[in-house]
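Undergrad: What follows is a predicted structure for the sequence shown.
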Amino acid sequence: MRAEIVSIGTEILLGEIVDTNAAFIASQLPEFGIDLLHVSQVGDNPARLREVFARAWERSELTIASGGLGPTEDDVTREAVSAVLGEEVYIDEEQRALLEQRFGHRGAALVERNMKQAWLIPSARALPNPRGTAPGWWVERDGHVMVLMPGPPQEMTFMWEQQVAPRLEERASAILVSHTIKTASLGESQVDQMLADLLDTTNPSVGIYARRDGIHVRLSAKAPTREEAWRLIHPLAEQVRGILGSTVWGEDEDTLQAGVGRLLRDRGMTLAVMESATGGAIASAITDVAGSSDYFRGSLVTYATDAKIAHGVPAEVPLMHGVISRETAEAMAAAAREQLGADLGLGLTGIAGGDEVEGQPPGTMHIALTDGERTEYQTYSYYQGRDAAKRRATTVALDLVRRWLLGV
């Protein structure tokens, strides 16, 4: 099935908001064996909107639109679809009753302009929207399907999951299932080389992608049912995990910080951090996980040398060895552990900027982890901009904690 996405809203064209709806929908379509051929963005202009919908209806079997379903004058998606298909809108009594009920619960008056949210056309069915007041439309006619969803992402994604995806799955002749294996401490070319013998497989297929939290390996299989697709993926996934070994830290929706948190909680251990080049990014990642106060004591962001010294790093260490050094990272780890009363102390010093420091290239990081008796250390150089350097350092630091806790 050929598909097209239409994102509606002048604010998208002005760059005031990012079109995350199109990205989300595009990521979901392969699961149903649907080929996405076009993505359009159009403002709240009736004539241009009619033009976009007419073209989409002609060249695509499935059109999925988001936006323009509100009650105001510039919400003209329904009007445009009605005009393109030559069908008159009417007030659906069931939708009217739902609107009256919703506004009544809010203690708000239902004014006339809100009634357009109860509109339908003969070839449309309403898609419930419990998270907002604007129902969607499922339009089906002449071998074509057009789906209209609200623009707010939280409403759109919920409607997709509850209403649209099940309908598409019923129509799918084949289901595409993807499974992602996530790694750290390896580069993309290293993973590519390690999995070279598996890359020519077609169903399931193997894809390697560089992401913010490491290198991801995506396995995809197409079959008549989801269960059959998983049966194709499973043995290949076992092979990939066997080859990549301890560098694998999670899969699918897992996050590295959540995995580290589970390991700390399971072992009844706590962690403290002293970080410099990452500027608090490690602490931010850890505390993105609910309940992290169970195992995370805190972070000292000691960007300046005298701040490191003020928080327990012996003054002679950076003086003798340099601030960007193994010795300073190890001293920071020990100081974090002692200052914050944790079982483990993590220290990181490095260069997030684009200039050489102390004879070391941009992106050089020194990371240490200690329990007071044993210390592990890791260093590397990687630079593709300041933000990327900080993200990579955060991932490597958390993976060092993960490997310590697993004993690998």
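TA: Done, it's in.

Undergrad: contacts and neighbour counts: CA atoms only from here.
TA: Fine.

Undergrad: Would you tell me what the next helix or strand after the helix or strand of the chain with the lowest mean pLDDT is?
TA: Ranked by mean pLDDT, DSSP states H and E, the helix or strand of the chain with the weakest confidence is helix 93-106, at a mean of 83. Later in the chain than helix 93-106, the nearest helix or strand by DSSP states H and E is strand 119-120.

Undergrad: ok, residues contacting that next one?
TA: Under the contact criterion Cα atoms under 8 Å, 6 or more residues apart in numbering, strand 119-120 has outside partners Arg78, Val89, Tyr90, Ile91, Asp92, Gln95, Ala126, Trp137.

Undergrad: So for the protein, which residue is the most central one in space?
TA: Glu253 (8.7 Å; Cα atoms, centre = their mean).

Undergrad: Look at that one and tell me its secondary structure.
TA: With DSSP: H, G, I helix; E, B strand; the rest coil as the basis, Glu253 sits in coil.

Undergrad: From His216, how far off is it?
TA: 12 Å (Cα to Cα, to the nearest Å).

Undergrad: thinking again about what came up before, among the contacts of strand 119-120, which are in helices?
TA: Arg78, Gln95 (DSSP state H).

Undergrad: May I see the contacts of strand 119-120 organised as JSON lines, with neighbour count added?
TA: Converted to JSON lines, those look like this (neighbours: other Cα atoms under 10 Å):
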{"residue": "Arg78", "neighbour count": "20"}
{"residue": "Val89", "neighbour count": "18"}
{"residue": "Tyr90", "neighbour count": "12"}
{"residue": "Ile91", "neighbour count": "14"}
{"residue": "Asp92", "neighbour count": "17"}
{"residue": "Gln95", "neighbour count": "20"}
{"residue": "Ala126", "neighbour count": "21"}
{"residue": "Trp137", "neighbour count": "24"}
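
Undergrad: and the contacts of strand 119-120, which two are the farthest apart?
TA: The two members of the contacts of strand 119-120 with the most space between them (Cα to Cα) are Arg78 and Gln95, at 14.6 Å.

Undergrad: number of nearby residues for Gln339?
TA: 17 (other Cα atoms under 10 Å).

Undergrad: residue contacts, it?
TA: His311, Gly312.

Undergrad: got it, and the one 3 residues further on?
TA: If a contact means Cα under 8 Å, 6+ apart, then Ala342 has Met269, Thr270, Leu271, Ala272, Arg297, Ala336 as its contacts.

Undergrad: 6 Å instead, please
TA: Thr270, Leu271, Ala272 (Cα atoms under 6 Å, 6 or more residues apart in numbering).

Undergrad: Run through this structure and note the low-pLDDT ranges.
TA: 109 (pLDDT under 70).

Undergrad: Show me how it divides into domains.
TA: The chain breaks down into these domains under automatic domain parsing: 2-171, 175-251, 256-406.

Undergrad: quick one: the shortest one to chain centroid distance?
TA: In this case it means domain 175-251. Here domain 175-251 is found 18 Å from its chain centre; the criterion is Cα atoms, centre = their mean, to the nearest Å.

Undergrad: measure that domain end to end?
TA: 20 Å.

Undergrad: what about Ala352, which SS state?
TA: coil.

Undergrad: Need phi/psi at the nearest residue to Ala258 once chain neighbours are set aside.
TA: Leaving aside its chain neighbours, Ala258 sits nearest to Val289 (6.0 Å; criterion: Cα to Cα, 6 or more residues apart in numbering). The phi/psi pair for Val289 (degrees, to the nearest 10) reads phi -90, psi 130.

Undergrad: So what's the residue count around Val289?
TA: 14.

Undergrad: Next, the contact list for Glu316, please.
TA: Taking Cα under 6 Å, 6+ apart as the definition, Glu316 has no contacts.

Undergrad: how near is it to Ala307?
TA: From Glu316 to Ala307 the distance is 14 Å (Cα to Cα).

Undergrad: And Ile367, by the same measure?
TA: 18 Å.

Undergrad: re earlier: ok, the residue nearest to the centre of the chain - contacts?
TA: For Glu253, the contact set (Cα under 6 Å, 6+ apart) is empty.

Undergrad: and Gln163, helix, strand or coil?
TA: Gln163 - assigned by three-state DSSP - is helix.

Undergrad: nearest residue to it other than its sequence neighbours?
TA: Leu127 (6.5 Å).

Undergrad: so who does that neighbour touch?
TA: Leu127 makes contact with Pro135, Gly136, Trp137, according to Cα under 6 Å, 6+ apart.
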